[in-house]
Structures are given as C-alpha cells and as structure tokens.
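S.K.: When you get a sec, could you give me coordinates for this:
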Amino acid sequence: MTDPIDPNRSLPASPPALAFPSAPLTWWRTLPPEFLDLTAQRHLRTALLAAPTLRLPGWEAAIRADPAAAIGVAFTILAEGVARPGSIDRALSAVLLCAALGDAASRDLLVHVLGRRARRRADLDALRLARRWRGWGHQESSSVIAPGR
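M.R.: Next up is the predicted model:
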C-alpha cells in the first residue's frame, strides 16, 4: 500500500540526485530557486554556451542572461505547434538563469510554464516547484551578478 499524495508537501530539502549537476538544461523543471547559487548559475551558463544554438533572434543575448531576450526566445519556442524538448529545455534554461538572477518577469514565466506543465501532466512536483518559484522572488532581492557580465 502506498501513502496518499499530499499536494502541500514541500519539495525535498536537497536537489534531486540526478538533476544536479549532471543535466543543467533540465534544471528549470527540477531545481528550486535556493539551489541556483552563483556556482550553479555559472554551470548552467556554461551548459547553455555549449548547447547547440537556437537559431532565433535574441538567442545570443538570452544566454548572456538578458531577461527580455530570454523571454522572447521562450515565447517563440512555446508558441510552436509541436514542442521540441531540446529547444524547450534550452529556452527555459535561459529564462531560469535570468529568474535565478532576480528578474521578476523571468520568474513569472517560469512559474506559468511549470504550472501549465503540472496541469497537463498531473505533475505535483512541477506544481510544488512553481509554488516555490512564485514565492521566492518576493522575499529576496538579488544582488547576484550574471556570470560573464
């Protein structure tokens, strides 16, 4: 017999064992904001720079942690009729980097996408992660500088 699922249960206090640091381009769907310290941000940016380029306007600025560019790229990818996982991961990883640096619009987009993912897949972990991100930016101010800036 399994325990009932508690939707109010919080995410684990430590990052998922396989998500950090092995697959940084999937962190947007696995890691809560408090785990994206400067070291993790640098690791994520390195992964973005090494990933295949998205041939979209603003991509180069997005991987340099320009929030407007990252959001623009993400909107373009999310608006496509057929989602391509590699593209979504790269685009939302750029948004994640900006959100981790304290950009409220990037955080809001991340919360929206995670919430949508939670509804479509009945994914309670995505819902919990969206709630963590939603509350994170309101109690903290970011004094972190984007890696490479």
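S.K.: any low-confidence regions in the chain?
M.R.: 1-21, 81-83, 137-149 (pLDDT under 70).
S.K.: Repeat the analysis, applying 90 as the threshold.
M.R.: For the chain, residues meeting the criterion pLDDT under 90 lie at 1-22, 80-86, 117-124, 135-149.
S.K.: Could I get the phi/psi values of Leu56?
M.R.: Backbone torsions for Leu56, taken as degrees, to the nearest 10, come to phi -130, psi 150.
S.K.: ok now do it, which residues does it touch?
M.R.: Counting by C-beta atoms under 8 Å, 6 or more residues apart in numbering, Leu56 makes contact with 73, 76-77. In this view, the C-beta of every residue, glycine as well, is placed from N, C-alpha and C.
S.K.: quick one: which of these is nearest to Ala104?
M.R.: For those, the residue nearest Ala104 by C-beta to C-beta is Val73; the value is 17.9 Å.
S.K.: Are there helices or strands packed against the helix or strand containing that closest one, and which ones?
M.R.: Using DSSP states H and E, Val73 sits in helix 67-79. Applying 3 or more C-beta pairs under 8 Å, 6 or more residues apart in numbering; DSSP states H and E, we find helix 67-79 packed against helix 59-62, helix 85-100, helix 104-121.
S.K.: now these in TSV, with mean neighbour count and distance to Gly135?
M.R.: Formatted as TSV, those follow (neighbours: other C-beta atoms under 10 Å; distance: least, C-beta to C-beta, whole Å):
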stretch	mean neighbour count	distance to Gly135
helix 59-62	19	25
helix 85-100	24	13
helix 104-121	18	9
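S.K.: ok so, going back, would you mind checking the contacts of Leu56 for buried ones?
M.R.: 73, 76-77 (16 or more other C-beta atoms under 10 Å).
S.K.: circling back: export the helices and strands packed on helix 67-79 to CSV and tack on distance to Thr53?
M.R.: CSV is the format used below for the helices and strands packed on helix 67-79 (distance: least, C-beta to C-beta, whole Å):
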stretch, distance to Thr53
helix 59-62, 6
helix 85-100, 9
helix 104-121, 20
